[in-house]
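Trainee: predicted structure and sequence below. I'll ask about it afterward.
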Amino acid sequence: MRVVTIEPDSKNWTWVLERTCDECGFDTRSFPPDEIGRLSREAAEPWHALLAHPLVRVRPTDDCWSALEYGCHVRDVFRLGLYRLQRMLHEDDPRFENWDQDETAVNDRYDQQDPGEVSEELLVAAAQLADAYDAVAADEWRRPGMRSDGAPFTVESFGRYFLHDPMHHLVDVRRGLAALTGEA
């Protein structure tokens with residue numbers, strides 16, 4: 001098994017609900033909530049080509065995930081997003097379990113997964129989440145949920161927060177592949 005050289009991400013990214021991300025340029029406040037589904041589909045579209053890249057398994061640096069590892073992560077973010085959205089829609093103020101994304105990457109062997117399968121799974125997961133957000137009724141956008149660290153969300157704020165992740169990682173992967181091919 002590969003030695004893990006990536007520093008676990010311990011940042012609290014909820015600040016993306018308040019301002020534009022300096023690293024990727026995505027502004028979670030720049031669209032109405034009923035666009036979350038459409039934007040989720042758009043965030044998934046480039047992954048087919050990215051996961052077909054010949055350097056998909058290569059890390060640009062030892063401390064940065066490969067395009068494949070990022071693709072697995074984004075697929076799982078879409079899956080987790082659907083799970084948490086469904087809980088907020090069907091439970092009263094659910095508290096979400098902690099998800100250790102770095103532990104998942106190691107345990108699920110992100111670096112060994114099939115890029116073609118990951119691409120298909122990512123598109124399916126994104127479509128399922130997008131469909132669920134498209135079906136949110138006007139009176140459901142304010143339904144609450146809470147992350148394990150106490151960060152409060154609504155259906156709307158969770159959608160905005162969640163959407164930043166796949167948008168951000170598109171930038172990460174494009175930068176990484178550009179660095180690998182000397183196009184940076």
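Mentor: Nice, I can see it.
Trainee: the longest helix in the chain is where?
Mentor: When the chain is parsed with DSSP state H, its longest helix is helix 155-181.
Trainee: so which bits of that helix are buried?
Mentor: Under the neighbour-count criterion of 16 or more other CB atoms under 10 Å, helix 155-181 has 155-170, 172-173, 175-177, 180 buried. Where C-beta positions appear, they are placed from N, C-alpha and C, glycine not excepted.
Trainee: now stretch 55-68
Mentor: Buried residues in stretch 55-68 (16+ other CB under 10 Å): Val56, Arg59, Pro60, Cys64, Trp65, Ser66, Ala67, Leu68.
Trainee: what's the span of that stretch, first residue to last?
Mentor: Terminal residues of stretch 55-68 lie 9 Å apart, using CA to CA, to the nearest Å.
Trainee: which residues touch it?
Mentor: For stretch 55-68, the surrounding residues in contact (CB atoms under 8 Å, 6 or more residues apart in numbering) are 5-7, 50-51, 53, 69, 71, 73, 105, 110-111, 113, 115, 118, 172-173, 175-177, 179-181.
Trainee: on that earlier part again, determine which two of the buried residues of stretch 55-68 are furthest apart.
Mentor: Largest separation among the buried residues of stretch 55-68 by CB to CB: Val56 and Cys64, giving 13.7 Å.
Trainee: chain center to the least confident helix or strand in the chain by mean pLDDT, what's the gap?
Mentor: Ranked by mean pLDDT, DSSP states H and E, the weakest helix or strand in the chain is helix 101-107, scoring a mean of 89. Mean-position distance between helix 101-107 and its chain equals 14 Å (CA atoms, centre = their mean, to the nearest Å).
Trainee: in the protein, which spans are helices?
Mentor: Under DSSP H, the chain gives helices at 36-44, 47-51, 67-90, 101-107, 115-134, 155-181.
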